[in-house]
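J.: here's a sequence, model it:
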Amino acid sequence: MFAIIVISNSRYLENIHLKELQDSVELKLLKEHLNPHFFFNTLNILYNASITNSSKLPDLIVSLGTMMRYIFKSIEKEKVLVIEELNFIDVYLNFEKIRFSDHIKITYNKDIQVQNQYIPPMLLMPFIENAFKHGGPIGNKKLEINITIIVNKSFLIFEIKNTNSITKTQNLLSSVRGIANTKKRLEILIPNHQLRIDSTKDYYCVYLKIPF
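T.: This next block holds a predicted model:
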């Protein structure tokens, strides 16, 4: 009887180890997909600016350099300070403001009550990228993006809402993959998170709550 218990416990621990190893490998693959995905999108933006002789190109390059430094520094870490991630988001939003110029309206509200909380790096970015890639003006209206981030001792709340362009379908597949990867990362790293995504013909909305 004792031998059976020992064997059962051994198999149980082995299964736990294999599951942890599987999750570790899977997470590494997800992170490696995320990094090139972000850079390919950004480099395409720089290329389009260069062929149009855009005066915005120098500022875009400076912003890209800042973002690259953060990504290379943080992507190998399991977690980063929330305030560092939010600083990165600030730079990215400025990057997009330069690119879209007068064709965009961004409302960005932050309520940061503590600055010593940690989250996995680049966790919010796919949702933000998605808003710029697939959001769009309706009629003569600008692309509108509303972002709210709340951080306190207990949780982080992230909300983003953007006008939904039903004509922008060329990058739909990459968007689906990016959001699917983010969902998978959340399942592995923060299984008790809350995620809600709603889409209508006019708006695309994401609500994410991460407990600390």
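J.: going forward, measure contacts between C-alpha atoms and count neighbours the same way
T.: Will do.
J.: surely residue 81 is in contact with residue 88?
T.: No: with contacts counted by Cα atoms under 8 Å, residue 81 stays clear of residue 88, the gap being 11.1 Å.
J.: just want to know which of those two has more residues nearby.
T.: A count of neighbours by other Cα atoms under 10 Å puts residue 88 above the other of residue 81 and residue 88, at 21 against 15.
J.: for that one, what are its contacts?
T.: 67, 70 (Cα atoms under 8 Å, 6 or more residues apart in numbering).
J.: torsion angles phi and psi at the most centrally placed residue in the chain?
T.: Geometric centre of the chain, nearest residue: residue 125, 2.1 Å, by Cα atoms, centre = their mean. Note on residue 125: its backbone torsions stand at phi -60, psi -40 [degrees, to the nearest 10].
J.: for it, report the pLDDT, please.
T.: Listed pLDDT for residue 125 reads 90.
J.: for burial, what's the neighbour tally of residue 51?
T.: 8.
J.: pLDDT below threshold where in this structure?
T.: By pLDDT under 70, the low-scoring segments of the chain are 1-38, 53, 135-140, 166-177.
J.: now do the strands in it.
T.: 80-81, 104-112, 118-119, 143-151, 155-163, 194-199, 203-211 (DSSP state E).
J.: now the ones you listed as CSV including distance to residue 50?
T.: Output for the strands of the chain, formatted as CSV (distance: least, Cα to Cα, whole Å):
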stretch, distance to residue 50
strand 80-81, 33
strand 104-112, 21
strand 118-119, 35
strand 143-151, 23
strand 155-163, 27
strand 194-199, 34
strand 203-211, 31
